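[1] Turn this into a model:
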Amino acid sequence: MSTSVRDETHSLPENRQALLKKILWDAYDMAEFLGLSVHSIRRVVHAPPAGFPSALFLGGKWIWRSVEVQRWAEGEYIQPYAPPPPAAPPALTMRGRGRPRRTIEVLASS
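    Prediction:
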């Protein structure tokens, strides 16, 4: 009987209900839920499909929030957060190109 590295280093719940109760999933949990290999999940980190939840690298592992992955698997597209663009300041006067000219102030002598 040979034991795999996965059996020694990672304790994955045997039934799917226990998997769904976990808040954070690592690559092994993702592979079981999506029906892919662990290697495929690790490749997804570097080239995610559209709307795929972003991963967090924590403690030497890539982890995902289980709720986000379940929503993505159901077909809900997750919009990445992008802050709104800053409002452009109103243009007061047109300035010429290049360095501004040097102004000479004339001092009135008494």
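
[2] Now whichever strand in the chain runs longest - C-alpha only, PDB.
    If you go by DSSP state E, the chain has its longest strand at strand 61-65. C-alpha atoms of strand 61-65 as PDB (Å, rounded to 0.1, in the frame of the first residue of the first chain):
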ATOM      1  CA  LYS A  61      -0.500  28.100  -0.400                       C
ATOM      2  CA  TRP A  62      -2.900  29.600  -2.900                       C
ATOM      3  CA  ILE A  63      -6.400  29.900  -1.200                       C
ATOM      4  CA  TRP A  64      -9.800  31.100  -2.400                       C
ATOM      5  CA  ARG A  65     -13.000  32.000  -0.700                       C
END
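
[3] Send me the next helix or strand after that strand as PDB with only the CA atoms.
    Moving toward the C-terminus from strand 61-65, the next helix or strand (DSSP states H and E) is helix 66-73. What follows is helix 66-73, C-alpha atoms only, in PDB (Å, rounded to 0.1, in the frame of the first residue of the first chain):
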ATOM      1  CA  SER A  66     -15.400  29.100  -1.200                       C
ATOM      2  CA  VAL A  67     -18.400  31.400  -1.600                       C
ATOM      3  CA  GLU A  68     -16.800  33.200  -4.500                       C
ATOM      4  CA  VAL A  69     -15.800  30.000  -6.200                       C
ATOM      5  CA  GLN A  70     -19.300  28.500  -5.800                       C
ATOM      6  CA  ARG A  71     -20.900  31.600  -7.300                       C
ATOM      7  CA  TRP A  72     -18.400  31.500 -10.200                       C
ATOM      8  CA  ALA A  73     -19.200  27.800 -10.800                       C
END
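
[4] next one: helix 66-73 to chain centre, how far?
    14 Å (Cα atoms, centre = their mean, to the nearest Å).

[5] And the contacts of it?
    20, 22-25, 29-30, 33-34, 51-53, 78 (Cβ atoms under 8 Å, 6 or more residues apart in numbering). (Each C-beta comes from the backbone N, C-alpha and C, glycine too.)
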